[in-house]
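Colleague: Give me a model of this one.
(4 chains)
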There are 2 protein chains.
Amino acid sequence: MARAIDEGLLAAARLFAGIGGAELHRIAEMARLVSRPAGGEFFSQGDPATAFFLLVEGRARIVQITSDGQQVTLRYIAPGEVFGAVPLFSGGPWPATALAVVDSTAARWSREATDRLTAQYPVILANALAIVGERVREIEDRYRELATERVEQRVAHALLHLANVTEKSPAGAEIDFPISRQDIAELTGTTLHTVSRILSAWEQQGVIESRRMHVRILRPEGVRAIAAEARPEGRSRL
Amino acid sequence: MARAIDEGLLAAARLFAGIGGAELHRIAEMARLVSRPAGGEFFSQGDPATAFFLLVEGRARIVQITSDGQQVTLRYIAPGEVFGAVPLFSGGPWPATALAVVDSTAARWSREATDRLTAQYPVILANALAIVGERVREIEDRYRELATERVEQRVAHALLHLANVTEKSPAGAEIDFPISRQDIAELTGTTLHTVSRILSAWEQQGVIESRRMHVRILRPEGVRAIAAEARPEGRSRL
DNA sequence: TCCTGTCATTGACCTGGAGCAAAGACCTCC
DNA sequence: GGAGGTCTTTGCTCCAGGTCAATGACAGGA
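Modeller: Sure thing, here's the model as predicted:
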């Protein structure tokens, strides 16, 4: 709590793009650092939205819980990313819960601080709009995936995304935080059993390697091929 | 094209909330009216994003087309709603296609006009942020539905939404634009066959009434009950 | 070292809904 | 009023993946 916020992180954050060092210092002073142990909550679905957060260290996941107790993971948050900001701008309570995946620390700006922030630095509004717009696009893509692709492809996409595999990642990459089969299932809209079967098969083929709570991609192009696989036949273009 | 834009519509639009009559007039002058016949496109997935739109009259739907030709409907647009704005703020080409469902007219602000608009009336940025935030919430809800609910419940939700049925709608309501089984299927992530079967069953039960390209909800509480139905058994809260 | 709780694997079974096919209903335009 | 196009319905089949059940593998604490 007493520690200072790393202003380098703020400088790199997209939300504060275009803001200089001196101002960043004042912005940092308006925030409060909050830490949560693995499994702890930064905020909880249904509670009134009183602040927004920027993850400083660790990893968080945003989860919706349905009325019958199923969990759906909307996104994972890496350091430097903003979360919990939407209801501050569009009103309403928090539509989801933010869970610390590992011991994590976030900077927290209260609603009042946010109001001052956007009044003093209007560029933040524009940056926020770009970020939220980007999020619309991501979730729309996930939606399309869920509507049109099979589980295996969705899991492949999720792994590539979580392991930060890009076009030019030559060698493999490991997901750098602990993740269970159940977690992957909640992220891809399936069950841990199906995830387990899929990962076992891939491990047989040698495209991934996995142990308890860990997944490593050995052959990214193999996983990418699975992600791109078309559905068998038929389905004639209309 | 030569017609003037209805400033009453702009005044009611959420995007221009907080802007007075005189300014609205100038804003209206910066737009151009574009009309499309039923089935026509306002913009097309993959094209560079050069403007944003506000639907003046008619109805539009935003559709993504997958590489293998399947269509996924992201949302329907009613008069007064903004569409196509996201890529103007976060960059990139249009991620989807906007189709006129019936003969429709929209006001179109070019990218340059948009820049002037947000510079002169910063409140538009804040309004846009609220709108886009709202959209994040909506699509996240749809995502959760798709991940956790059965087809029947998703169709029920979709009909209630399309027919504008709210808590206090006593009598039935009709979807006030033509919509096929295929359209409903693309909106709910299923096939026209399944939609047809479901609607037939509901018609038997007397909760809806339907003809070619039309659906009317007779007993909203009946449809709402279906939408809320829990999955049979098991699924013990973990 | 054992004990307990969490996570993972795998087999067997079942089902919601997709895929396929064919026929019917409606609409519009000659 | 017939012909052709677009929607819709409905029966049948099949399978991806959910559900159920049981066992196994680790990890951390006492």
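Colleague: Tell me how far A:Thr73 lies from chain B.
Modeller: To chain B, A:Thr73 is 9 Å away according to CB to the nearest CB, to the nearest Å. From N, CA and C alone the C-beta is placed, and that goes for glycine too.
Colleague: For that residue, the count of nearby residues, please.
Modeller: A:Thr73 is flanked by 20 other residues according to other CB atoms under 10 Å in any protein chain shown.
Colleague: what's the helix or strand for it?
Modeller: According to DSSP states H and E, A:Thr73 maps onto strand A:71-77.
Colleague: What is that strand packed up against?
Modeller: strand A:60-65, helix A:123-148, helix A:181-188, helix B:123-148 (3 or more CB pairs under 8 Å, 6 or more residues apart in numbering or on different chains; DSSP states H and E).
Colleague: Find the residue at the geometric middle of chain A.
Modeller: A:Tyr76 (2.1 Å; CA atoms, centre = their mean).
Colleague: so who does it touch?
Modeller: Taking CB atoms under 8 Å, 6 or more residues apart in numbering or on different chains, we find A:Tyr76 in contact with A:59-62, A:101, A:162, A:187.
Colleague: What strand or helix carries the closest residue to A:Arg224 other than its chain neighbours?
Modeller: Leaving aside its chain neighbours, A:Arg224 sits nearest to A:Leu160 (6.6 Å; criterion: CB to CB, 6 or more residues apart in numbering or on different chains). Using DSSP H and E, A:Leu160 sits within helix A:151-162.
Colleague: Quickly check: that helix near DNA strand C or not.
Modeller: No - applying CB under 7 Å from any atom of the strand, one finds helix A:151-162 separated from DNA strand C by no less than 11.9 Å.
Colleague: tell me the domain boundaries of chain A?
Modeller: A:7-138, A:149-228 (automatic domain parsing).
Colleague: how about those, which one is nearest B:Ile179?
Modeller: Proximity to B:Ile179, assessed across the domains of chain A by CB to CB, is greatest for domain A:7-138 (23.9 Å).
Colleague: can you give me the helices for chain A?
Modeller: Counting by DSSP state H, chain A has helices at residues A:7-12, A:21-29, A:86-90, A:111-120, A:123-148, A:151-162, A:181-188, A:192-205, A:220-228.
Colleague: For A:Thr190, give me its contacts.
Modeller: Per CB under 8 Å, 6+ apart, neighbours of A:Thr190: A:151, A:154-155.
Colleague: most surrounded residue in those?
Modeller: Each of those was scored for neighbours by other CB under 10 Å, and A:Val155 scores highest at 25 neighbours.
Colleague: got the contact list for that one?
Modeller: A:184, A:188, A:190, A:195, A:198-199.
Colleague: just A:Ile179 next, same as before
Modeller: Per CB under 8 Å, 6+ apart, neighbours of A:Ile179: A:101, A:162, A:213-215.
Colleague: if we take the residues you listed, which one ends up nearest to DNA strand D?
Modeller: Of all those, DNA strand D sits closest to A:Met213, with 8.0 Å by CB to the nearest atom of the strand.
Colleague: and that closest one, how many neighbours does it have?
Modeller: Count around A:Met213 with other CB under 10 Å applied: 12.
Colleague: from what I can see it touches A:Pro178, true?
Modeller: Yes - counting by CB atoms under 8 Å, A:Met213 touches A:Pro178, with 4.1 Å between them.
Colleague: still on that earlier bit, would you convert the domains of chain A into JSON lines that also reports distance to B:Ile19 and mean pLDDT?
Modeller: Shown next, in JSON lines, are the domains of chain A (distance: least, CB to CB, whole Å; pLDDT from 0 to 100):
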{"stretch": "domain A:7-138", "distance to B:Ile19": "16", "mean pLDDT": "96"}
{"stretch": "domain A:149-228", "distance to B:Ile19": "40", "mean pLDDT": "95"}
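Colleague: looking at those, which is closest to B:Glu7?
Modeller: It's domain A:7-138; of these, that one is closest to B:Glu7 (CB to CB) at 24.9 Å.
Colleague: so does the closest one get close to DNA strand D?
Modeller: No - Domain A:7-138 stays clear of DNA strand D (CB under 7 Å from any atom of the strand), getting no nearer than 8.8 Å.
Colleague: how long is that domain from one end to the other?
Modeller: For domain A:7-138, the first and last residues are 28 Å from each other (CA to CA, to the nearest Å).
Colleague: quick one: it to chain centroid distance?
Modeller: Computed by CA atoms, centre = their mean, to the nearest Å, the chain-centroid distance of domain A:7-138 equals 11 Å.
Colleague: and for stretch A:136-153, what are the contacting residues?
Modeller: So stretch A:136-153 is contacted by A:74-75, A:154, A:157, A:188-190, A:194, A:198, A:226-229, A:231, B:64, B:66, B:70, B:72, B:74, B:86, B:90, B:92, B:95-96, B:132, B:135-136, B:139-140, B:142-143, B:146-147, B:189 (CB under 8 Å, 6+ apart).
Colleague: Any buried residues in it, and which?
Modeller: Neighbour counts using 16 or more other CB atoms under 10 Å in any protein chain shown place A:136-137, A:139-140, A:142-149, A:151-153 of stretch A:136-153 among the buried residues.
Colleague: Among these, which pair sits farthest apart?
Modeller: Farthest-apart pair in the buried residues of stretch A:136-153 is A:Val136 and A:Glu152; separation 26.4 Å (CB to CB).
Colleague: Relative to B:Phe89, how far out is the nearest residue in space to A:Val123 that is not next to it in sequence?
Modeller: Once flanking residues are discounted, A:Val123 sits nearest to A:Gly18: 4.8 Å by CB to CB, 6+ apart. Per CB to CB, to the nearest Å, A:Gly18 is found 14 Å from B:Phe89.
Colleague: now do A:Phe53
Modeller: Distance, A:Phe53 to B:Phe89, using CB to CB: 22 Å.
Colleague: can you check A:Pro220 too?
Modeller: From A:Pro220 to B:Phe89 the distance is 32 Å (CB to CB).
Colleague: now A:Ile124
Modeller: For A:Ile124 relative to B:Phe89 (CB to CB), the value is 13 Å.
Colleague: Please say which of the two ends up with more neighbours.
Modeller: Per other CB under 10 Å, whichever of A:Ile124 and B:Phe89 has more neighbours is B:Phe89, with 24 against 19.
Colleague: contacting residues around that one?
Modeller: B:Phe89 touches A:126, A:129-130, A:133, B:128, B:132, counting by CB under 8 Å, 6+ apart.
Colleague: again, but for A:Ala11
Modeller: A:21, A:24.
Colleague: swap the cut-off to 6 Å and go again
Modeller: Contact analysis of A:Ala11 by CB atoms under 6 Å, 6 or more residues apart in numbering or on different chains lists A:Leu24.
Colleague: And A:Phe52, by the same measure?
Modeller: Contacts of A:Phe52 (CB under 6 Å, 6+ apart): A:84-85, A:88, A:109.
Colleague: same check, this time on A:Trp94
Modeller: So A:Trp94 contacts A:43, A:45, A:47, A:49, A:87 (CB under 6 Å, 6+ apart).
Colleague: wait, what's in contact with the third one?
Modeller: With contacts defined as CB under 6 Å, 6+ apart, the neighbours of A:Asp47 are A:93-94.
Colleague: just checking, A:Ala107 touches A:Ala51?
Modeller: No - with contact defined as CB atoms under 6 Å, A:Ala107 does not count as touching A:Ala51 (9.9 Å).
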